[in-house]
Each structure stands twice: as structure tokens, then as C-alpha cells.
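> turn this into a model:
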Amino acid sequence: MIRQIKSAANRSRDTLLGDAIGGAALMILLVVGLFLPGLN
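Purely as a prediction, here's the structure:
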């Protein structure tokens, strides 16, 4: 199982960075979206 996860991670190394950036962007949008109504 661990070997399969490592193999998949090695095959998709290029897309992991893009996915991590996309996930971080979504989290930032969520936090900002929840924070904006409190500014009024």
C-alpha cells in the first residue's frame, strides 16, 4: 500500500504542486469570504 502511494506520488509529482496551490487558493477564498461579512 505504501509502495503504491509512493509510486503514484512520483508519477504525479508535476501536478501535486498545482493541486497544492489550488487547494491553498480555495482555503484563502473561504477565509476571506467568511471574514468579509464581519466588516460591516
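
> chain center to whichever helix in the chain runs longest, what's the gap?
The longest helix of the chain (DSSP state H) is helix 13-35. Here helix 13-35 is found 4 Å from its chain centre; the criterion is C-alpha atoms, centre = their mean, to the nearest Å.

> ok, now stretch 29-40?
20 Å.

> using CSV, list the CA coordinates for that stretch.
Extracted C-alpha coordinates of stretch 29-40, given in CSV (Å, rounded to 0.1, in the frame of the first residue of the first chain):
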residue,chain,number,x,y,z
LEU,A,29,-11.1,32.4,-0.6
LEU,A,30,-13.1,30.6,2.1
VAL,A,31,-11.4,32.5,4.9
VAL,A,32,-11.8,35.9,3.1
GLY,A,33,-15.4,35.0,2.2
LEU,A,34,-16.2,34.3,5.8
PHE,A,35,-14.4,37.4,7.1
LEU,A,36,-16.0,39.9,4.8
PRO,A,37,-19.5,39.9,6.3
GLY,A,38,-17.9,40.8,9.7
LEU,A,39,-16.6,44.1,8.3
ASN,A,40,-19.9,45.9,8.4
